[in-house]
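[1] Okay, here's the prediction I keep looking at, along with the sequence it came from:
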Amino acid sequence: MAMTPTGTRVKPAPRPQPERSAEFAHLTLEALRAHRRSLSDEEARVSYWRRLVQARLDLLREAARSGSTDGRVESLRAALTEVRPLGGRTTHQDLLPPDAAPPLPDLERLWARQPLPADPADAANLGKELAFAELQLSAYRNALHRRLELATGELIARYHEDPLLCLCALPLADPGRRAS
């Protein structure tokens, strides 16, 4: 509990009751969970491509700063395949997308595109395309986060209404298997 300047305890304000959304009324609990999983999978794909685009853009920018002509994918592939210990938030993230389909058109083409050797203008154009793709991916990722938040809020509201619904998310023991 919080304290007032005079030392008396102040009871915290009650938390708002979670409210159901009409947007999800047509979905069963199982379908809502599947919807949330698909949003989460899509967010992982978008985040993967966003990281690739950002890395490629960083490589091009570094090549431009250093005066190098090496803003090529091979340099990035070498950097991405080095073995490094992971830590923090990325420890449990997949390093490969769940499937090969990019969330936005032309990302594979953009990824494979090489700047023309010794042509700073072509490298700059590629940089602009990568920056625009990163902007699109970021906006799409933010929209996915909002949709995930709404779906999660709906799950919370349903669980609040009927806490026993939480139990159906738990894996059931195999009835033919004995407990040890």
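    Nice, I can see it.

[2] Return the distance of the host helix or strand of residue 150 from the chain's centre.
    Element membership for residue 150 (DSSP states H and E) is helix 120-161. Offset of helix 120-161 from its chain centre (CA atoms, centre = their mean, to the nearest Å): 8 Å.

[3] average pLDDT across it?
    For helix 120-161, the mean per-residue pLDDT is 94.

[4] Begin at 143 from now on, thanks
    In the new count, where the first residue is 143, that last one comes out as helix 262-303.

[5] Which other helices and strands does that helix contact?
    Secondary-structure packing of helix 262-303 (3 or more CB pairs under 8 Å, 6 or more residues apart in numbering; DSSP states H and E): helix 171-208, helix 249-254. Every residue, glycine included, has its C-beta placed from N, CA and C.

[6] which SS class is residue 257?
    coil (DSSP: H, G, I helix; E, B strand; the rest coil).

[7] pLDDT wise, what is it at?
    At residue 257, the pLDDT recorded in the model is 86.

[8] do you know how far the residue nearest to it when sequence neighbours are not counted is from residue 255?
    Counting by CB to CB, 6 or more residues apart in numbering, residue 257 lies nearest to residue 265, which is 3.8 Å off, once chain neighbours are set aside. Using CB to CB, to the nearest Å, we find residue 265 at a distance of 10 Å from residue 255.

[9] Tell me which of the helices and strands packed on helix 262-303 lies nearest to residue 287.
    Closest to residue 287 of these is helix 171-208 (CB to CB; 7.0 Å).
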